[in-house]
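A.B. asks: Pasting the sequence and the predicted coordinates here, then a few questions.
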Amino acid sequence: MIRFIHLISLILLLNISFIENVDRNNFKTCEQSAFCRRQRKYKPDTTPYEVDLSSMKTITNGHLQFSLLNTLKSHVKLQLDLYTLQHNSLRVKINEINPIRKRYEVERVLVSEPKLVSVNITKSDNNQIEGRFDKTARFILNAKPFRLDLFTNDIFVMSVNSKNMFNFEHYRKKPASDGAPADNNAEDNEDGMWEETFKSHHDSKPHGPSSIGIDVNFLNFENVYGIPEHADAFSLRSTHDTDPYRLFNLDIFEYDIKNPMALYGAIPYMLAHNEHATVGFFWLNAAEGWIDVSNDKLNTKNLFSTITSFFGTKSNENNEVPEVTTHWMFESGIFDGFFFMGPTPNDIFKQYTALTGATPTPPLWSIAYHQCRWNYNDEDDVRGVNNGFEQHQIPVDVIWLDIEHTNGKRYFTWDTSKFPNPEKMQDDLAVYGRKMITISDPHIKKDDGYQVYADAKSRGYFVKSKDGSDYEGWCWPGSSMWLDYFNPEIYKWYSQRYSYDNYKGSTPNLFIWNDMNEPSVFNGPEVTFPKDVVHYGGWENRDVHNLYGMLQHMATFDGLLERSNGNIRPFILTRSFFAGSQRTSAVWTGDNAAQWSHLKIAVPMLLSLSVTGIGFIGADVGGFFFNPDAKLLVRWYQAAAFQPFFREHAHIDTARREPWLFGDDNTRLIRQAIEQRYSYLPFWYTLFYRQEKHGVPPMLPLWANFPRDTNTFKTEDSYMVGNGLLVYPVTEADINQVSVYFPGQNTVWYDIRTFTQHNGSETALINVDMESIPIYQCGGTIIPQRLRKRRASMLAIHDPITLVVALDRNHEAEGELYLDDGQTYDYRQKHAFIHRRFTFKNNELKSISLDSSAKFETDAWIERIVIVGYPKNPSRVEINSGDKQAIPIHSYQDGSQVLIIRRPGPAVTTDWTLTLS
């Protein structure tokens with residue numbers, strides 16, 4: 001029975017409204033969330049919190065500890081720990097001292113315990129401590145009132161509790177329980193503190209209130225970014241007239257755009273950028289969160305200093321500088337805040353990924369094109385789709401199977417009437433160099449005849465209700481249970497389900513898609529777990545909710561890694577995510593719609609993920625819901641071909657939309673877009689390797705490469721691939737011109753098709769037709785490509801390379817190329833790779849190795865060199881590699897200033913120099 005019919009029957013059963021777009025009544029507003037309501041209205045004139053400086057202890061060099069007091073509640077004592085970290089970062093932890101119940105501290109997110117650096121205390125008196133650490137970082141801790149100010153290069157960038165919003169709800173006994181007195185009767189009995197009801201769902205709140213609120217403010221900034229996932233602007237909008245941005249992993253059916261509602265994942269990390277600095281704040285907290293954003297002005301007349309450079313710029317005539325005020329509110333846990341002082345965008349990327357991990361270099365095939373739908377019906381259907389790509393000569397690397405491939409939504413099984421020989425099906429795809437991906441959701445069908453369920457049930461592996469019984473809810477299979485991945489034993493058991501012995505019918509050619517892992521519970525409050533279900537260690541889901549999906553896909557990753565004895569790189573796609581998910585999974589933006597507005601919102605959604613560490617990202621091509629017309633589908637392919645994860649996917653009720661079903665001309669256009677993706681795979685692969693090493697994501701906002709260009713700070717209609725390509729998707733139906741801004745003073749940009757030149761810091765009206773979207777290579781970059789056409793990426797692993805050398809105003813350029821076997825960990829374990837740098841300067845193009853100890857055997861060679869922006873036809877082209885010398889054929893186009901050198905011949909592995917004279 002198809003899952004849409006399942007959903008409709010469940011909707012009727014559960015009386016959930018079903019409308020064209022999301023029914024917001026099924027999801028809480030801040031006013032309906034008791035802790036958010038309390039924290040949002042907390043706006044005292046002065047803060048009651050003070051730091052007892054006399055209590056300071058130096059635990060170790062780089063770790064200072066203080067008592068933090070609430071002057072209105074003398075019995076409530078907090079501990080403030082301040083850690084100065086490497087990479088210009090500061091950690092601040094605030095927790096209760098001797099609470100009546102331990103508060104949850106997030107695990108499995110940080111790659112290791114952050115490394116401390118020594119702090120130099122430059123000032124200490126009765127009310128203030130000032131310290132300097134690492135390269136450019138400085139803090140001032142003010143005691144009365146509690147406030148923390150942060151500086152980079154002596155520029156004031158962030159301030160904590162300067163708006164007096166720090167509010168720490170300590171654990172307490174319920175008034176009148178066991179005769180316990182209340183701290184303050186009115187306060188302790190506020191509505192929603194001890195129990196809460198939303199629609200028909202009751203939250204028992206057995207431990208009472210435990211929320212924390214704090215303001216973190218960005219001085220002399222006008223733009224902040226991050227805190228995904230929301231279908232909203234890249235530069236976060238003020239929430240003055242809306243709900244705060246919500247962080248609470250939820251399955252939002254047919255989500256709306258341009259609002260702060262929660263979606264599938266949560267990363268409590270925000271960046272701010274101006275022309276002087278890039279900084280960031282990350283609160284390591286897995287509970288439900290809400291964040292208010294407000295654009296304000298800060299009066300600097302009596303603030304610390306009259307030095308002009310204090311904020312990096314002069315204040316205006318009213319002694320004001322811009323300020324973004326943010327108010328962070330989480331339901332439970334502790335305050336565990338990381339402050340990144342940059343000061344450059346690349347510094348910020350490094351600082352955050354040093355803590356939470358970088359995306360590892362994925363398998364080469366996984367960054368190629370994927371074909372998916374709910375559902376390919378049977379083995380004949382899969383064979384027909386594969387043959388369709390062959391017949392129409394369109395490359396593809398992966399075919400996906402959704403939930404209908406299973407035996408009645410029992411994961412790790414096959415519907416043998418439709419897929420009687422899954423191993424042969426996968427082997428047949430492998431003949432063409434292609435892979436298969438199957439879905440594995442976290443809900444486990446309640447069925448004693450289903451081995452996965454029966455085994456987990458007998459071992460007590462399911463999440464518990466508040467009364468200690470196994471929690472039971474509804475999802476695609478009907479009555480379902482959910483594994484408690486927080487238990488290391490259960491986590492390990494689940495990862496072992498992916499072994500070839502346990503997952504019958506799987507082969508080394510099969511990889512995994514984890515969906516519905518927020519988790520989605522059709523009859524649960526807000527379509528997810530009740531907050532008072534209990535996980536391993538006695539922690540409520542209230543404390544750990546946003547971690548659940550990440551633990552599933554981490555366990556899946558470990559299972560795929562273990563099945564190959566640690567040799568083959570896994571690939572997993574997840575819908576739900578948290579900080580650190582980038583280490584084990586790609587992410588997509590969920591169930592979007594076949595609408596122009598959803599094509600347009602994909603860019604800011606992907607950029608928000610990208611700058612917060614999730615670099616392997618994409619949106620469903622064509623939109624998951626509804627049917628795109630041919631024009632929308634073509635435009636979506638053209639855009640997604642230049643986004644990190646490239647997959648077409650569609651709802652079961654939509655018409656089939658394989659690339660060849662929209663007429664010959666549209667088939668040609670889609671083929672052209674996909675082929676363009678394949679030609680740039682060497683560039684993409686190099687960028688992914690750079691991301692692993694340095695934390696810099698492949699898809700970037702313009703300001704990441706042009707940090708001083710203020711015209712880029714709100715840009716969300718275009719983006720960059722690495723530092724080389726500027727991409728402007730066409731996101732409206734009936735236009736023949738777009739306005740493109742070319743960033744960077746004194747830069748030059750080249751159209752990748754025509755090599756037409758455009759000047760930086762200028763806006764141009766660009767004519768567009770259906771053949772392509774505007775894409776430009778930045779002068780000063782060298783981009784590697786493979787131009788030979790193959791049906792799948794792994795078949796091109798040893799194909800020759802073309803270098804496109806785009807010269808800057810000084811007739812110089814540089815770039816890199818990274819190659820390995822595309823699928824194993826030999827690049828780490830055996831140093832089996834090639835990493836080369838190309839530089840063009842003084843009429844010479846040189847190739848040198850960036851790691852002389854690395855070695856990878858390949859027949860790849862340099863087949864073509866295209867030099868763009870070269871001022872004249874050289875009289876002679878000569879190439880030298882070791883003791884070999886050659887004079888390759890060249891041609892020159894005066895109008896476009898393009899020099900093409902054919903078959904220069906050197907192996908990719910060798911050092912060589914090409915000289916123009």
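C.D. replies: Yep, that arrived. The structure displayed is predicted, hence computed values, not measured ones.

A.B. asks: Show me where the protein dips below the pLDDT cut-off.
C.D. replies: For the chain, residues meeting the criterion pLDDT under 70 lie at 1-20, 177-186, 302-317.

A.B. asks: Give me the residue at the spatial middle of it.
C.D. replies: Ile614 (2.2 Å; C-alpha atoms, centre = their mean).

A.B. asks: mind checking how far it is from Val603?
C.D. replies: Plainly put, Ile614 is 15 Å away from Val603 if you go by C-beta to C-beta, to the nearest Å. All C-beta atoms are positioned from the backbone trio N, CA, C, and that covers glycine.

A.B. asks: got it, and Asp820?
C.D. replies: Applying C-beta to C-beta to Asp820 and Val603 gives a distance of 30 Å.

A.B. asks: How about Tyr83?
C.D. replies: Taking C-beta to C-beta, one finds Tyr83 at 36 Å from Val603.

A.B. asks: Hmm, Trp283 is touching Met329, no?
C.D. replies: No - between Trp283 and Met329 there is no contact under C-beta atoms under 8 Å: 10.3 Å.

A.B. asks: joint contacts of those two?
C.D. replies: Residues touching both Trp283 and Met329 by C-beta atoms under 8 Å, 6 or more residues apart in numbering: Gly289.

A.B. asks: the more surrounded of the two?
C.D. replies: Neighbour count, other C-beta atoms under 10 Å: between Trp283 and Met329, Met329 has more, with 28 against 25.

A.B. asks: partner residues bridging the more buried one?
C.D. replies: Gly213, Trp290 (DSSP bridges).

A.B. asks: That one: what's it in contact with?
C.D. replies: With contacts defined as C-beta under 8 Å, 6+ apart, Met329 is in contact with 35-36, 39-40, 211-213, 244, 289-292.

A.B. asks: which of those tops the neighbour count?
C.D. replies: Among the contacts of Met329, the one with the most neighbours (other C-beta under 10 Å) is Trp290, at 29 neighbours.

A.B. asks: Domain map for this protein?
C.D. replies: By the assignment in the TED database, the chain contains the domains 34-109+117-170+202-356, 364-695, 702-916.

A.B. asks: Now tabulate those in TSV and tack on distance to Trp194.
C.D. replies: Listed next are these as TSV, based on distance: least, C-beta to C-beta, whole Å:
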stretch	distance to Trp194
domain 34-109+117-170+202-356	5
domain 364-695	12
domain 702-916	43
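
A.B. asks: right, and these - which one's nearest Gly192?
C.D. replies: Gly192 lies closest to domain 34-109+117-170+202-356 among the domains of the chain, at 2.5 Å (C-beta to C-beta).

A.B. asks: any idea how far the closest one is from the chain center?
C.D. replies: Between the centre of domain 34-109+117-170+202-356 and the centre of its chain there are 21 Å (C-alpha atoms, centre = their mean, to the nearest Å).

A.B. asks: just stretch 432-447 next, same as before
C.D. replies: The answer for stretch 432-447 is 23 Å, by C-alpha atoms, centre = their mean.

A.B. asks: what does stretch 646-661 give?
C.D. replies: For stretch 646-661, the distance to the chain centre is 25 Å (C-alpha atoms, centre = their mean).

A.B. asks: for Leu429, what are its contacts?
C.D. replies: So Leu429 contacts 382, 386, 399, 435-436, 509 (C-beta under 8 Å, 6+ apart).
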